[in-house]
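Engineer: Turn this into a model:
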Amino acid sequence: MKRPEVPEQDIFELLKDSKELTSLPQVLAEVVRITNNDDCGAAEVAEVIMKDPALSARILRISNSAYYGAAREIGTVSQAVVTMGLRAVKALSLSVGLYRLFDTGEGTVNRLRFWRHSLEVAIASREIAIACSYRPAEEAFVCGLLHDIGILVLEANFEDRFKRLWKQVEAGESLTTLEQAHWGTDHARVAKFLLDQWRVPKYIGEAVAVHHDPFGQDQSLPQNRLGRIVSLANRISKFRIYQTPPLNTDEIAQIEKLADSLGIGATEMASLQERVISLLIKEAEFLEIKIGSMTDLLIDANTLIYKQYLLVESVLRENRRMQAQIARDQVKKAALESLKTITATLSHYINNASATILGRAQLVELAISKGTVADTQQVAGDSMGIIIKSVETISLVLEELKKLSSFDTTHYHDDTDILNIEERLRQQMSALGAERRKPVSAGN
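Structural biologist: Numbering: from 1, shown residues only. Model (predicted):
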């Protein structure tokens, strides 16, 4: 295997030296630090959040959303923390804070497409978590939102090299394969490294790290269940960062395997995917995450629909071809069965006649050999030999017809099961000829 241009460890050392990258904004860092302590209380967390007015406003807005179903309006951050729970508040604080940290304008990667995809995966992750009873579902949301954040990190730190790589990705090459070739790592592992630097709970970083290889680790670990949730959400995403072909049969099988491993049936998955699209615009608005205008979304949706139409058209065309082939095969099979029936019937009568002729010929041949019948010119003996050989040929042909299972009689190569009747008959007749040339014992 070709060695990467830059080893993974060198990449991580370089990223670690970037204080701007590895240091969270103060309020967010405090939220993470406090909530990592199991003994912290809602009031303590609320006090930290209130230092950031924008974060406070978003937490209040989310806590009053239909998702939490509060009986009355929540008016303080403390009430919001109590309603949502500490782990949920930490997850959503990370989501909001890190979006602001990385929403730094346009780059090689289209930011609207990036956050549209990330938010879609975040919502899908949360809905999948609810469906498979993973709690709190907000942790799945933050994993989904940050699952591709490593792409922006690589773009920011290796600008020229990343531009060249991204052109190859948009031309259809595999992103993770190219990342491994260039840096000896991929964006999922870069994201985990960054989350570890930020002291985010390790199971969140682990889940992000395995979202491209959800079955590669110990399935009993909670982070791998979370990783499968994010992986499934990513695979069913409709809005991609870059253009991708429609799902192939292997990818569809992987989606089904992931859903099955999480205990989610096909009907529930279909319903879930419908909800995600309708929630995307609504949640982008109250989270203030820029995902593009309605026109942008419609253009993307129309492109997706057109690709699906082409795929369906291709499938229908292949289906017609297969149906025609099946029809031809059925005609062949019916004709073959008829041939077998006719052959069996004719064989019965011909074999009876052949047996009679063969028996008489062998008696005459035996009489000649014993001198009971005079044959000084050996005419009768030769004739009997020819008669016996001809009868044996008829019997061989009938046997081959009985075995016939295909109309295709060309022998293409040694390993095929395609019949070559003529060659087999020639070999058997040669063996019979050798047997006939043996002298007949006078004592028989």
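Engineer: So for the chain, the centremost residue is which one?
Structural biologist: The centroid of the chain falls nearest to residue 251 when counting by CA atoms, centre = their mean (2.2 Å).
Engineer: Report the spatially nearest residue to that one, omitting neighbours in sequence.
Structural biologist: Of all residues not flanking residue 251 in the chain, residue 235 sits nearest, at 6.6 Å (CB to CB, 6 or more residues apart in numbering). Placement of C-beta: from N, CA and C, glycine included.
Engineer: Let me know the helix or strand that the residue nearest to the centre of the chain is in.
Structural biologist: Here residue 251, judged by DSSP states H and E, is contained in helix 249-261.
Engineer: buried ones in that helix?
Structural biologist: 254, 255, 258, 259, 261 (16 or more other CB atoms under 10 Å).
Engineer: Packing partners of it?
Structural biologist: helix 222-235, helix 266-287 (3 or more CB pairs under 8 Å, 6 or more residues apart in numbering; DSSP states H and E).
Engineer: hey, which of those is tucked in deepest?
Structural biologist: Mean neighbour count (mean count of other CB atoms under 10 Å) peaks for helix 222-235 among these, with a mean of 24.
Engineer: tell me the angle that one makes with helix 249-261.
Structural biologist: 140 degrees (axes from the mean of the first three to the mean of the last three CA atoms, to 10 degrees).
Engineer: Dump helix 222-235 to PDB, keeping only the CA atoms.
Structural biologist: This file holds the C-alpha atoms of helix 222-235, laid out as PDB (Å, rounded to 0.1, in the frame of the first residue of the first chain):
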ATOM      1  CA  PRO A 222     -22.400   2.600  23.500                       C
ATOM      2  CA  GLN A 223     -20.300   4.900  21.100                       C
ATOM      3  CA  ASN A 224     -20.600   2.300  18.400                       C
ATOM      4  CA  ARG A 225     -24.400   2.300  18.700                       C
ATOM      5  CA  LEU A 226     -24.300   6.000  18.500                       C
ATOM      6  CA  GLY A 227     -21.900   5.600  15.500                       C
ATOM      7  CA  ARG A 228     -24.400   3.300  13.700                       C
ATOM      8  CA  ILE A 229     -27.100   5.900  14.300                       C
ATOM      9  CA  VAL A 230     -25.000   8.700  12.700                       C
ATOM     10  CA  SER A 231     -23.800   6.300   9.900                       C
ATOM     11  CA  LEU A 232     -27.400   5.400   9.000                       C
ATOM     12  CA  ALA A 233     -28.500   9.100   9.100                       C
ATOM     13  CA  ASN A 234     -25.500  10.000   6.800                       C
ATOM     14  CA  ARG A 235     -26.400   7.300   4.300                       C
END
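Engineer: List of residues touching it?
Structural biologist: 121-122, 124-125, 128-129, 132, 134, 139-140, 143-144, 147, 202-204, 206-212, 214-215, 217-219, 247, 251, 254-255, 258-259, 261-262 (CB atoms under 8 Å, 6 or more residues apart in numbering).
Engineer: ok, of the residues you listed, which come out buried?
Structural biologist: 121-122, 124-125, 128-129, 132, 134, 139-140, 143-144, 147, 203-204, 206-212, 214, 254-255, 258-259, 261-262.
Engineer: Inside helices: which ones of the residues you listed?
Structural biologist: Judged by DSSP state H, helices contain the following of those: 121-122, 124-125, 128-129, 139-140, 143-144, 203-204, 206-209, 254-255, 258-259, 261.
Engineer: picking up where we left off before, including distance to residue 360 and mean pLDDT, could the helices and strands packed on helix 249-261 go into CSV?
Structural biologist: Listed next are these as CSV, based on distance: least, CB to CB, whole Å; pLDDT from 0 to 100:
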stretch, distance to residue 360, mean pLDDT
helix 222-235, 78, 85
helix 266-287, 73, 84
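Engineer: Quick check: which of those helices is nearest to residue 324?
Structural biologist: Ranking the helices and strands packed on helix 249-261 by proximity to residue 324 (CB to CB) places helix 266-287 first, at 30.2 Å.
Engineer: For stretch 107-120, buried residues please.
Structural biologist: Across stretch 107-120, burial judged by 16+ other CB under 10 Å covers 108, 109, 111, 112, 113, 114, 115, 116, 117, 118, 119, 120.
Engineer: Look up the pLDDT of residue 418 for me, please.
Structural biologist: At residue 418, the predicted lDDT confidence score is 42.
Engineer: To clarify, my last question referred to residue 247.
Structural biologist: pLDDT, read off for residue 247, is 72.
Engineer: do the same with residue 315
Structural biologist: Note on residue 315: pLDDT of 66.
Engineer: and if you look at residue 312?
Structural biologist: What the model reports as pLDDT for residue 312 is 64.
Engineer: And the residue nearest to residue 251, how close does it get to residue 274?
Structural biologist: 16 Å (CB to CB, to the nearest Å).
Engineer: Same check on residue 129?
Structural biologist: Distance of residue 129 to residue 274, computed by CB to CB: 17 Å.
Engineer: tell me which element residue 320 falls in.
Structural biologist: Using DSSP H and E, residue 320 maps to helix 294-370.
Engineer: Ignoring the adjacent residues along the chain, who's closest to residue 236?
Structural biologist: Here the residue nearest residue 236, using CB to CB, 6+ apart, is residue 273, at 5.7 Å.
Engineer: Please state the offset of stretch 251-269 from the chain centre?
Structural biologist: Centroid displacement of stretch 251-269 relative to its chain, using CA atoms, centre = their mean, to the nearest Å, is 11 Å.
Engineer: got the CA coordinates for it in CSV?
Structural biologist: Taking C-alpha atoms only, stretch 251-269 is exported to CSV below (Å, rounded to 0.1, in the frame of the first residue of the first chain):
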residue,chain,number,x,y,z
GLU,A,251,-25.3,0.8,-0.2
ILE,A,252,-29.0,0.0,0.1
ALA,A,253,-28.0,-3.3,1.7
GLN,A,254,-25.8,-1.4,4.2
ILE,A,255,-28.7,0.9,5.1
GLU,A,256,-31.0,-2.1,5.7
LYS,A,257,-28.3,-3.8,7.8
LEU,A,258,-27.8,-0.6,10.0
ALA,A,259,-31.5,-0.1,10.4
ASP,A,260,-32.0,-3.8,11.4
SER,A,261,-29.1,-3.6,13.9
LEU,A,262,-30.9,-0.7,15.6
GLY,A,263,-34.3,-2.4,15.5
ILE,A,264,-35.9,-0.1,13.0
GLY,A,265,-38.3,-1.6,10.4
ALA,A,266,-38.7,-0.5,6.8
THR,A,267,-42.0,1.3,7.4
GLU,A,268,-40.6,3.3,10.3
MET,A,269,-37.5,4.2,8.3
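Engineer: Name the residues that touch that stretch?
Structural biologist: By CB under 8 Å, 6+ apart, stretch 251-269 touches 128, 131-132, 214-215, 219, 225, 228-229, 231-232, 235-236, 247, 272.
Engineer: All good on my end, thank you.
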